[in-house]
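A.B. asks: Just a sequence and a predicted model for now, questions to come.
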Amino acid sequence: STYNNLGGTYDYLGNYDKALAMHEKALSIKLATVGEQHPEIATCYENMANTCVNTNNYSKALRLYDKALRIRQVTLGLQHPATAEAAQNLAAACHDVRRFLALLMLADLQRKW
């Protein structure tokens, strides 16, 4: 949708607040037209999660990636490539969280020295 495209552009430009607002607008329109259990809803959640990752808001990103994965599992099945990609996105975000937490711990140790 146009709002998702605008969100992607704002995300690319580093304007994450506008990016998230555009993705949220796309989500609200899609929810009103196709309902919750639709692959396009999963795409909206993934786009929002990508923006959250870019702002280090990993807790929200993980919730959104999880929602997207669950929708894809129900609507497309476990063997569909888009479902596998959604699972990979969630796994990558989990990896980013571990790396982010390790960096925070190192920074804390450096401050104590």
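C.D. replies: Yep, it's here.
A.B. asks: just the helices in the protein please.
C.D. replies: 2-12, 16-34, 39-54, 58-76, 81-112 (DSSP state H).
A.B. asks: Report all helices and strands that the least confident helix or strand in the chain by mean pLDDT contacts.
C.D. replies: The weakest-scoring helix or strand in the chain, judged by mean pLDDT, DSSP states H and E, is helix 81-112 (a mean of 85). Packing partners of helix 81-112 (3 or more Cβ pairs under 8 Å, 6 or more residues apart in numbering; DSSP states H and E): helix 39-54, helix 58-76. (Each C-beta comes from the backbone N, C-alpha and C, glycine too.)
A.B. asks: right, so those: which one is the most enclosed?
C.D. replies: Mean neighbour count (mean count of other Cβ atoms under 10 Å) peaks for helix 39-54 among the helices and strands packed on helix 81-112, with a mean of 23.
A.B. asks: what is the orientation angle of it with helix 2-12?
C.D. replies: Comparing the axes of helix 39-54 and helix 2-12 via axes from the mean of the first three to the mean of the last three Cα atoms, to 10 degrees yields an angle of 20 degrees.
A.B. asks: quick one: helix 39-54 to helix 58-76, angle?
C.D. replies: 160 degrees.
A.B. asks: same for helix 39-54, what does it pack against?
C.D. replies: In terms of contacts (3+ Cβ pairs under 8 Å, 6+ apart), helix 39-54 is packed against helix 2-12, helix 16-34, helix 58-76, helix 81-112.
A.B. asks: so which of these comes closest to N50?
C.D. replies: helix 2-12 (6.7 Å; Cβ to Cβ).
A.B. asks: by how many degrees do that closest one and helix 16-34 diverge?
C.D. replies: Relative orientation of helix 2-12 versus helix 16-34 (the same axes, to 10 degrees): 160 degrees.
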